[in-house]
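Enquirer: Structure here, sequence nowhere to be found:
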């Protein structure tokens, strides 16, 4: 093994990368969690204590502190998690706690850098942390980080086992860095990583490796915070051979029923015409008779999310009458919430009434086969979203008690799928631009899968630029809108400004009534009462936006509230009281296409909710998308303000040209801050460190083989001043560095004065420390 | 820094006067060679043996004799020739006709300071006998072990040019010496001084008194052994030793025995500087005389290699 110091550097780099990767993975999963950062700080404090304990004279105390420290940090994530689960609605799955414990151990092992074995185990731990984090995060940017880790890891291995390796280079036993094998190893690492790229992005690779890692979800146990696992937990399960009831679930097995359903059986052997189940226009999806289970008794209907388990057991198999499990929910949503599910749109306002549009062109629907090749999706043709619509979202709607032919759809729905439906003809678009099924109403227990596009939440200036001619609206509204958007950039910021104003200055009050004698309910709400239900918020916002030239419409439907999300079954129920109104703004791409042509149901609209307490579903932000969006935002801001950009550039250039001075200042400031906290030996060593850093900052670092006094001799010989601070300071520094256990020949006051003098002379000397050091480097160069 | 060291520690004060006098005595004997004198003192205090390698007439013998005079105790000198027998150095048992018993006649090796002049002219077996005495500090003759004085110090000289009829010392044997020094020609000004000083000087001038006793020398040697060596300084020493072994041009690197003597000489150096701890400077200062006697390879001058090793191995500042 090489000396610990040589190993420590690369080990720390490996640990830093692994820690960074884990934090990124956790951030990606859970966002920023303050108490986890707190935990990291606690771990660092314990690591510092463990590090310091090496120097304690009482070895027993030091060993006890180290042992307790190690046990404490390994147990910390588990203890923290119990506390979290008790006092907040947050928790970590078991595997995360395990890796956090491993990370903590890794950091503290790194702190014990005097022991080579600690460093080896620390590096090993970093490898595991890295593997876990990589599998959780897994995107192409992290692969770059993995690559850096791999190269440094290779370097580490070579360094750690150099004694054995050097035996392989008999002809050149010189102690010099063997560049050829290192470059070879790096090239090998690159090739390996590149070769594994296609594998890493494929599912098989990750599934295979994930099988090796413990998981909190699965057949053996269940954790509501699990990242993954086998099965869906307490979800309803489709019947395989003996269905016992009806439920909102896709199944290969169907039960006979007179209830309206999307499905109907065609029996080729029967010449009797199928009887209509009920009056009215009802289309059905044909099923083969083999999928039908003969039914001799009444079956229960289950509208609840979870299964029920009866603990009372009967000895004999006997038929049992299943009871209906009714729910008052209108529908259930599986997928990300909050989501706005639109049913009707209104584009006209007469002062009292919202009037639905009836002139929107019907959009064509096509039929697409999805990537797996086994599902048909009815797709809206011609929907062209903005570039900012980055995320393709997927929701599953389970219709329970909602009686409408319209499909409640999230904004910017692109395609719909119903199990076993192989045609798009069952769907149509309504005159107000919404999607509907070509039947009286969607039968209960039907399941619809919906794909939609969501835009990125960060203010991307590319998002919205379109602005049409301002609609002829009331002057007072225009004045109001203009005053609200004064000094705000055109486009998305203006829309945000209007909504923010409504959200902050107006009160949501479902009971507030508009007096019948009011001319215009929206104006009354905006100018007088400042209080009202959500439809007044939506109407006002739409009117204000129109007065600024943004084409907007009002949508009514349901708001799938995250409050109603059931963590166990992963379902959000939507009730009658979740009916809601909001606004949609025509996207710039659609507005661009629109010119001259009639409104089409395939136009792309962006949902905006001006009502306080309601949020719009945005694309989930990964760390990288956020970073890129921020970078784009900065770039556009700079482009818009060339003066600001130029001054920033000039400042950066000046800072770059004076970087040595600035760095010098910062290291001196750091020294001023820390050198007081410690005994006299620490003060002196920190001053030596300051001098060394300064020399490095000015580009003339101490040559590694040069001892302190030789280095200072050279500096002194070039210095024009006659004071001998360096001679005495070097004596002092030598004592601090090498004279362990030897009494100091200087009093504390003298030593402090020498330290101050050393630091100050170097900084303020008219000849300049820099000149001296530059002289040395010239002389040696 | 080297010539005017200030002794700051009270416990060293007693011996410091004696050391200063010894230093002055040596410096007046060999003028203009203060750095050589410092190294000779370091070697003496580290309980090492010294190999002086230089041309004739440069003061090798003068240095050894002055040292012997100043320290007191027994001084002997052996002029090595090819026919010198081992017993001529170690001593021999002689039958006493009167007492009818064998008596041990001590050889010149039983001295506090032994000057072995032109050691490379002695036959290898004679050299071996001397080396054994140097390493073991004892002589075994006729199954009887005779201990040498505690401050036994060998100054051997050899002439590098006149190699005719000489038996060069084998590399493995050279390791017995702590360091190899060359005095070198004095500077022009020093030569002028030497000439001026000799005018009117009495021909039978003898130094007046000793400045150290063998006992006080042993005390100093014990004090030197107690000088603190920090762990990182030891690590530095080990790094340097590894570097000598891994150097491409060096066939024979530093042995653990060499490492030990290096540490001891560095301690002596720190002691002479008035410090109670060893710094990397001490190690670097004594590196050349210590390594040049030990590093073997296809080179005539080891100095550039030692320089490169000292430049390449990082000086320890931090843990």
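Expert: Everything's here; your move. Only a predicted model underlies this, so the values are computations on that prediction, with no experimental measurement involved.
Enquirer: Run a quick neighbour tally on residue A:599.
Expert: For residue A:599, the tally of surrounding residues (other Cβ atoms under 10 Å in any protein chain shown) stands at 18. (C-beta placed from N, C-alpha, C; glycine too.)
Enquirer: ok, and the closest non-adjacent residue to it?
Expert: Ranked by Cβ to Cβ, 6 or more residues apart in numbering or on different chains and with sequence neighbours excluded, the top spatial neighbour of residue A:599 is residue A:360, at 4.8 Å.
Enquirer: try residue B:177
Expert: Excluding its sequence neighbours, the residue lying closest to residue B:177 (Cβ to Cβ, 6+ apart) is residue B:51, at 4.3 Å.
Enquirer: just residue B:49 next, same as before
Expert: In space, and not counting its chain neighbours, residue B:49 is closest to residue B:154: 4.1 Å by Cβ to Cβ, 6+ apart.
Enquirer: Confirm that neighbour sits in a helix?
Expert: No. Residue state for residue B:154 (DSSP: H, G, I helix; E, B strand; the rest coil) corresponds to strand; a helix is not indicated.
Enquirer: give me the beta-bridge partners of it?
Expert: residue B:114 (DSSP bridges).
Enquirer: Now stretch A:434-443: average pLDDT?
Expert: Mean per-residue pLDDT for stretch A:434-443: 85.
Enquirer: what residues does that stretch touch?
Expert: Applying Cβ atoms under 8 Å, 6 or more residues apart in numbering or on different chains, the external contacts of stretch A:434-443 come out as A:259-262, A:280-283, A:342-345, A:380, A:399, A:402-407, A:409, A:413, A:416, A:425-430, A:448, A:601.
Enquirer: From the contact counts, what lies against the helix or strand hosting residue A:755?
Expert: Here residue A:755 sits within helix A:748-764, counting by DSSP states H and E. Packing partners of helix A:748-764 (3 or more Cβ pairs under 8 Å, 6 or more residues apart in numbering or on different chains; DSSP states H and E): helix A:659-674, helix A:680-697, helix A:725-738, helix A:769-780.
Enquirer: and if we set it to 6 Å?
Expert: helix A:680-697, helix A:725-738 (3 or more Cβ pairs under 6 Å, 6 or more residues apart in numbering or on different chains; DSSP states H and E).
Enquirer: Out of those helices, which one sits most buried?
Expert: Highest mean neighbour count of these: helix A:725-738, a mean of 22 (counted as mean count of other Cβ atoms under 10 Å in any protein chain shown).
Enquirer: what bits of the stretch 151-300 of chain B have low per-residue confidence?
Expert: B:162-163, B:203-208 (pLDDT under 70).
Enquirer: Quick one: name the residues of it near chain A.
Expert: Applying Cβ under 6 Å from any Cβ of the partner chain, we find that the stretch 151-300 of chain B lies next to chain A at B:228, B:230, B:233, B:243, B:246, B:248, B:276-277, B:279-281.
Enquirer: what two of the residues you listed have the greatest distance between them?
Expert: Put simply, by Cβ to Cβ the two of those set farthest apart are B:248 and B:276, 38.3 Å from each other.
Enquirer: the more surrounded of those two?
Expert: Neighbour count, other Cβ under 10 Å: between residue B:248 and residue B:276, residue B:276 has more, with 22 against 13.
Enquirer: Which secondary structure elements does the top strand by length along chain A sit against?
Expert: The single longest strand within chain A, with elements called by DSSP state E, is strand A:339-349. Where contact means 3+ Cβ pairs under 6 Å, 6+ apart, strand A:339-349 is packed against strand A:354-356, strand A:552-560.
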